[in-house]
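Enquirer: what would the 3D arrangement of this be:
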Amino acid sequence: MAPTELTLRPAAPAELPAVAELLIAARVAAYPSMPHGIHPPHEVREWVAGWDLATHAVWVAEAGSSIVGYARFDEVWLDDLYVDPAAQGAGVGSALLELVKAQRPAGFCLWVFESNAPARALYRARGLVELEFTDGSANEEKAPDLRMAWPGADPLAFYRGLIDDVDAQLGELLNRRAALTAVVQQVKGSTERDHEREREIALALARRAPALGEERLARIVHAIITESLDAVPPQES
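Expert: This is a model prediction of the structure:
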């Protein structure tokens, strides 16, 4: 089968059961590149049957009368891209990925397991960039993963948009931390600093952000605590 023999089109609601069977088969065949899914087949079928096609686009790749792959995505994330094991190596995944790029010209992100070398190679070969690695604590399988991105037609605007999202989260977290610092000072009754605790905080952050390292993070922690203490209103006597 060549990519030219494929038909790419939006999925109909009645086709979601076939999509579910493809997903189940693809996940089984992908082991050990991908960890085993934690949900039994009946739960996967129920989940796929409940997809809202108004909030997520689901496109299928059809060869003849058979669905041989699908992609599911929203405005900013490519959530799924799976190919029937019997059709792998024939360009189905590439065709679906190019479709998503055409549908989302401003760019999008996706998560892929770190161990999934074939998928990572496919994405890199088609212009996607590996952004960040995690220990997998946030995914169901608890397996290390990484976020990849296709930056679209205007990469600078795309990456700045991602930074804006992170900065918004940082602002909320810094505000919460400053408020907690103020409460701690009330409990302690002083602004004396606990340098051992600050070192432990930097070590903990370094495990989550190894690219920055303990030394840089120690300086960041020191600055955050210094400014948070400076923002604590004077206590009434």
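
Enquirer: can you pull the contacts of residue 118?
Expert: Applying Cβ atoms under 8 Å, 6 or more residues apart in numbering, we find residue 118 in contact with residue 33. Every C-beta, even on glycine, is put in place using the N, C-alpha and C of the backbone.

Enquirer: name the helices or strands packed onto the biggest helix by length in the chain?
Expert: Counting residues, the longest helix found in the chain (DSSP state H) is helix 155-188. Here helix 155-188 touches helix 213-231, going by 3 or more Cβ pairs under 8 Å, 6 or more residues apart in numbering; DSSP states H and E.

Enquirer: what comes into contact with the helix it packs on?
Expert: With contacts defined as Cβ under 8 Å, 6+ apart, helix 213-231 is touched by 174, 177-178, 181-182, 185, 191, 193, 198-199, 201-203, 205-206, 209, 212.

Enquirer: residue 187: what's it in contact with?
Expert: Residue 187 touches nothing, counting by Cβ under 8 Å, 6+ apart.

Enquirer: check what pLDDT it gets.
Expert: We have a pLDDT of 91 for residue 187.

Enquirer: could you pull out the buried residues of the longest helix of the chain?
Expert: Applying a neighbour-count criterion of 16 or more other Cβ atoms under 10 Å, one finds 158, 159, 162, 178, 181, 185 buried in helix 155-188.

Enquirer: what separates the next helix or strand after it from the chain centre, distance-wise?
Expert: As assigned by DSSP states H and E, the chain's next helix or strand after helix 155-188 is helix 195-208. Counting by Cα atoms, centre = their mean, to the nearest Å, helix 195-208 is centred 25 Å from the centre of its parent chain.

Enquirer: now stretch 107-115
Expert: 6 Å.

Enquirer: and for stretch 138-154?
Expert: Offset of stretch 138-154 from its chain centre (Cα atoms, centre = their mean): 4 Å.

Enquirer: now that stretch: average pLDDT?
Expert: For stretch 138-154, mean pLDDT rounds to 97.

Enquirer: ends of that stretch, what's the gap?
Expert: 29 Å (Cα to Cα, to the nearest Å).

Enquirer: for residue 55, give me its contacts.
Expert: Listed by Cβ under 8 Å, 6+ apart, the contact set of residue 55 reads residue 74.

Enquirer: gap between it and residue 80?
Expert: 14 Å (Cβ to Cβ, to the nearest Å).
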